[in-house]
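Engineer: what's the 3D shape of this:
(one chain, ligands or ions: 1)
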Amino acid sequence: MTLHLYNTLTRRVQEFSPLAPPTVTMYVCGPTVYDDPHIGHARSAFVFEVLRRYLTFKGYAVTFVRNVTDVDDKIIEKARQELQIQDARLKTQDLKAKCAEVAERYLKSYHEAMDRLGLQRPDLEPKATEHVTPDMTDFISKLLISGVAYEAQGDVYCAVRKCEGYGRLSGRSVDELQSGARVEPGERKQDPLDFALWKAAKPGEPSWKSPWGEGRPGWHIECSTMSTKYLGDTFDLHGGGVDLVFPHHENEIAQAQAAGKPFARGWVHNGLLTVNGEKMSKSLGNYTTVDQVLERYPHPDYLKLLFLKTHYRSPLDYSDEKMNEARKNWQDFRGFFRIHDQIQTEYSPKDMESAGVVPNFMTRFQEAVDEDLNTPQALAVLFDALSLGQKGIERGGKEGFLWREHAYSSILEYGTVLGLFQQGLSEEKPEIREKIQRAIAERDKLRNAKEFKKADEIRNQLKQEGFHLMDTSHGTFWQRIE
Ligand SMILES: [Zn+2]
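Structural biologist: Okay, the predicted model is just below:
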């Protein structure tokens with residue numbers, strides 16, 4: 001069974017075959033940090049979390065890079081607004097400091113929100129401001145030498161008509177694009193299609209020294225530079241929201257290829273999120289932050305279940321009705337786990353040999369996720385397992401026990417691959433979670449060293465404290481004994 005993914009570049013579902021297995025290199029466009037993260041950010045982060053988890057489950061070693069855009073028009077605008085509120089007579093120097101403060105504040109907010117959702121941090125999280133010189137300026141120099149870029153009074157632009165294959169990712173021709181393009185006030189483009197690689201500094205704004213004078217990089221050059229710096233000139237997967245296909249990702253490809261880099265082989269884009277049928281916006285009053293959702297629906301699995309029920313490429317509409325349904329689903333799982341844990345082990349593995357056969361959830365689960373991450377189908381497998389487990393409780397006896405055990409281990413194992421059940425099935429404080437994870441790591445070490453007696457002591461100690469450990473082929477899970 002091999003994973004197949006839809007590639008935006010080829011417009012079809014293709015077999016995933018990384019350049020240098022078992023390594024998989026993946027770059028995803030991260031947040032522009034000027035506001036608290038909303039649930040659209042959470043959806044995108046979660047889609048790539050599931051992809052990363054599934055690749056790991058399949059035995060790949062994933063290197064996951066997600067950038068942070070910490071210099072941008074929106075950040076500068078936010079900083080200006082905050083300064084005007086404070087004091088109108090500020091010096092230009094204050095704007096730079098304010099921009100840095102805004103970016104730092106909202107990066108922290110982003111991290112906290114994703115941590116609360118239980119999403120893993122990327123392996124590398126490069127910040128744009130730390131890669132302007134020499135990385136981005138060197139990249140731009142290459143484009144100037146190759147002739148696709150030109151300088152215009154301190155700005156540098158990329159000449160789109162000189163970029164071979166431009167429009168391939170978004171499926172648009174250059175002539176088609178030409179009709180919608182225009183030159184904004186203050187831009188010095190030769191052609192409305194061209195885009196900025198470097199913007200000459202405006203008074204007070206954050207800026208860096210460059211061969212073209214003081215200025216700051218354009219947004220697109222950030223990602224071409226940082227992805228290839230950390231993952232090489234060619235890498236396996238590039239991801240982001242579908243709203244980034246054009247112009248952002250189209251421009252990333254143009255820049256990289258003009259610099260002689262083949263760039264990403266596969267492009268994965270997640271669908272967008274609406275709230276009660278409408279695009280999220282502050283003016284409509286439906287801008288929903290991750291914190292607001294977690295306040296109302298405290299367990300992160302409610303939101304994750306909602307996400308998993310829709311295919312990642314489809315649009316997703318958030319509503320209270322759907323969240324309540326997701327909460328109900330989660331409570332059904334929890335109810336089963338609670339009962340399961342209260343029933344003592346009645347049979348030995350030997351008894352089980354004659355207890356009959358159980359459905360092959362493993363194959364069905366993998367077939368679903370292999371088919372372009374069909375998580376609604378994969379969830380259906382978990383629900384089937386749940387209903388088998390519930391039937392097992394009612395039935396009792398050897399057969400009932402077998403069903404229940406099989407359901408329990410399947411739900412935990414595949415649920416974990418989908419990012420569910422990470423926080424146990426009850427709310428635990430982070431310090432408790434960390435303590436148990438440390439104990440599990442210590443126990444793994446002892447077991448590897450064949451010191452089974454000491455390893456069992458750790459298990460027993462945790463049991464006394466009220467935590468149950470479960471070993472599977474994909475690691476040890478735990479939950480509170482309720
Ligand atoms: Zn990007």
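Engineer: Could you list the low-confidence segments of the stretch 51-200 of the chain?
Structural biologist: Low-confidence segments of the stretch 51-200 of the chain, defined by pLDDT under 70: 85-93.
Engineer: Check the closest residue to residue 196 other than its chain neighbours and give its pLDDT.
Structural biologist: In space, and not counting its chain neighbours, residue 196 is closest to residue 218: 4.1 Å by Cβ to Cβ, 6 or more residues apart in numbering. The C-beta positions use only the backbone N, C-alpha and C, and glycine is treated the same way. pLDDT, residue 218: 96.
Engineer: how far away is residue 218 from residue 167?
Structural biologist: 19 Å (Cβ to Cβ, to the nearest Å).
Engineer: So between those two, which is more surrounded?
Structural biologist: residue 218 (21 against 18; other Cβ atoms under 10 Å).
Engineer: which residues touch that one?
Structural biologist: Contact partners of residue 218, counting by Cβ atoms under 8 Å, 6 or more residues apart in numbering, are 195-199.
Engineer: which of those residues lies closest to residue 254?
Structural biologist: Nearest to residue 254 among the contacts of residue 218: residue 195, at 8.4 Å, using Cβ to Cβ.
Engineer: Determine the number of other residues adjacent to the closest one.
Structural biologist: 21.
Engineer: same thing with the one 10 residues further on?
Structural biologist: Applying other Cβ under 10 Å, we find 20 residues neighbouring residue 205.
Engineer: Could you grab the helix/strand/coil label for it?
Structural biologist: Here residue 205 is coil, with the state taken from DSSP: H, G, I helix; E, B strand; the rest coil.
Engineer: Looks like it contacts residue 73 (just checking).
Structural biologist: No: using Cβ atoms under 8 Å as the test, residue 205 is too far from residue 73 to be in contact (9.4 Å).
Engineer: still on that earlier bit, can I get the contacts of residue 218 in a markdown table including distance to residue 56 and secondary structure?
Structural biologist: Below are those laid out as a markdown table (distance: Cβ to Cβ, whole Å; DSSP: H, G, I helix; E, B strand; the rest coil):
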| residue | distance to residue 56 | secondary structure |
| --- | --- | --- |
| 195 | 36 | strand |
| 196 | 38 | strand |
| 197 | 36 | strand |
| 198 | 38 | strand |
| 199 | 39 | strand |
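Engineer: Quickly find the element holding the closest residue to the ion within the stretch 201-350 of the chain.
Structural biologist: Using Cβ to the ion, the single residue of the stretch 201-350 of the chain nearest to the ion is residue 223, 3.2 Å away. Taking DSSP states H and E as the criterion, the element that holds residue 223 is helix 219-231.
Engineer: Identify the residues contacting the following helix or strand past that helix?
Structural biologist: Once helix 219-231 ends, the next helix or strand along the chain (criterion: DSSP H and E) is strand 234-241. Identification of contacts with strand 234-241 by Cβ under 8 Å, 6+ apart yields 5, 18-19, 24-29, 40, 44, 47-48, 51, 227-228, 248-249, 252, 261-270, 272.
Engineer: Send me strand 234-241 as CSV with only the CA atoms.
Structural biologist: Only the C-alpha atoms of strand 234-241 are listed here, as CSV (Å, rounded to 0.1, in the frame of the first residue of the first chain):
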residue,chain,number,x,y,z
THR,A,234,14.8,20.0,-4.8
PHE,A,235,12.6,18.8,-2.1
ASP,A,236,9.6,16.5,-1.8
LEU,A,237,6.5,18.5,-0.7
HIS,A,238,5.5,22.1,-0.5
GLY,A,239,2.3,23.0,1.2
GLY,A,240,-0.1,25.8,2.1
GLY,A,241,-3.6,27.0,1.8
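Engineer: following it, which helix or strand comes up?
Structural biologist: helix 250-258.
Engineer: tell me what the helix or strand that comes right after that next one is packed against?
Structural biologist: Counting by DSSP H and E, the next helix or strand C-terminal to helix 250-258 is strand 263-270. With contacts defined as 3 or more Cβ pairs under 8 Å, 6 or more residues apart in numbering; DSSP states H and E, strand 263-270 has these neighbours: strand 4-7, helix 39-57, helix 219-231, strand 234-241, helix 250-258.
Engineer: For the helix or strand that comes right after the shortest one, give the mean pLDDT please.
Structural biologist: When you say that, I think you mean strand 4-7. Sequence-wise, the next helix or strand downstream of strand 4-7 (DSSP H and E) is strand 12-15. The average pLDDT for strand 12-15 rounds to 98.
Engineer: Export strand 12-15 to PDB, keeping only CA atoms.
Structural biologist: The C-alpha coordinates for strand 12-15 follow below in PDB (Å, rounded to 0.1, in the frame of the first residue of the first chain):
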ATOM      1  CA  ARG A  12      -3.900  14.600 -10.500                       C
ATOM      2  CA  VAL A  13      -3.500  12.200  -7.600                       C
ATOM      3  CA  GLN A  14      -0.100  10.600  -7.900                       C
ATOM      4  CA  GLU A  15       1.900   8.000  -6.100                       C
END
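Engineer: Paired strands for it, with orientation please.
Structural biologist: Strand pairing for strand 12-15, using DSSP bridges, gives strand 4-7 (antiparallel).
Engineer: And the contacts of the partner strand?
Structural biologist: Here strand 4-7 makes contact (Cβ under 8 Å, 6+ apart) with 12-16, 237, 266-268, 313, 370-373.
Engineer: What count of nearby residues applies to residue 209?
Structural biologist: Residues near residue 209, counting by other Cβ under 10 Å, number 12.
Engineer: Give me the spatial nearest neighbour of it, chain neighbours excluded.
Structural biologist: residue 133 (7.0 Å).
Engineer: Residue 180 - how many residues pack around it?
Structural biologist: By other Cβ under 10 Å, neighbour count at residue 180 equals 9.
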